[in-house]
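Novice: All I have is the shape, not the residue letters:
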């Protein structure tokens with residue numbers, strides 16, 4: 001990983017819809033050299049995939065909910081059952097195994113409280129091994145994630 005790779009990765013994090021020529025210009029490379037570096041970053045696993053960041057409000061998903069989950073047991077089997085079940089519900093956008101008071105933190109998007117109630121009844125309440133569930137509702141997003149800080153990688 002060198003400075004040129006960092007420039008390429010930063011450019012892609014900001015806008016992955018840019019042409020290779022635009023990225024090459026930012027990295028002071030020829031288009032073909034930039035393309036080779038980009039493919040190498042993909043093959044080495046630095047770039048997992050490309051996607052579009054959608055506006056949840058435009059999709060009618062104005063309510064962001066963070067749900068803390070505590071399990072009845074932290075046995076490997078119980079955690080595996082829970083994690084497998086989470087993977088089957090598209091309404092669960094993210095799931096993180098946590099340290100601290102809760103075992104897991106989920107992120108869910110809903111249209112409104114009525115929609116969250118449906119998600120709670122048809123999805124969250126069906127997760128196996130849950131002993132406690134606490135939901136927190138985001139009032140307003142202050143800072144949106146736009147990519148990882150790569151400055152620490154520069155030599």
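Specialist: Alright, I've got the coordinates. If you're wondering where the values come from, they're calculated on a predicted model, not measured in any experiment.
Novice: can you pull out the strands in this structure?
Specialist: Listed in chain order, the strands of the chain (DSSP state E) span residues 63-71, 92-97, 104-110, 130-137.
Novice: how close does the residue nearest the centre of the chain get to residue 105?
Specialist: Closest to where the C-alpha atoms of the chain average out (C-alpha atoms, centre = their mean) is residue 94, at 6.3 Å. Distance check for residue 94 against residue 105: by C-beta to C-beta, to the nearest Å, it reads 8 Å. Just so you know, the C-beta spots here come from the backbone N, C-alpha and C atoms, and that holds for glycine as well.
Novice: which residues sit in contact with the residue located most distally from the centre of the chain?
Specialist: Distance from the C-alpha centroid of the chain, by C-alpha atoms, centre = their mean, peaks at residue 30 (32.1 Å). Contacts for residue 30 were tallied using C-beta atoms under 8 Å, 6 or more residues apart in numbering; they are residue 24.
Novice: Same question for the one 3 residues further on.
Specialist: The neighbours of residue 33, taking C-beta under 8 Å, 6+ apart as the test, are residue 24.
Novice: do you know how far it is from residue 13?
Specialist: The span separating residue 33 from residue 13 equals 20 Å under the rule C-beta to C-beta.
Novice: Ok, residue 90 next?
Specialist: 25 Å.
Novice: neighbour-wise, which of the two wins?
Specialist: Ranked by neighbour count (other C-beta atoms under 10 Å), residue 90 and residue 13 place residue 13 first, with 15 against 7.
Novice: Residue 74 against residue 103, yeah?
Specialist: Yes - the pair residue 74 / residue 103 is scored as a contact, 6.5 Å apart, by C-beta atoms under 8 Å.
Novice: and the two? which has more neighbours close in?
Specialist: In terms of neighbours (other C-beta under 10 Å), residue 103 is the more surrounded of residue 74 and residue 103; the figures are 23 against 12.
Novice: Residue 13 - nearest residue in space that isn't next to it in sequence?
Specialist: Taking C-beta to C-beta, 6 or more residues apart in numbering, and ignoring the residues beside it in sequence, residue 13 has residue 147 as its nearest neighbour in space, at 3.0 Å.
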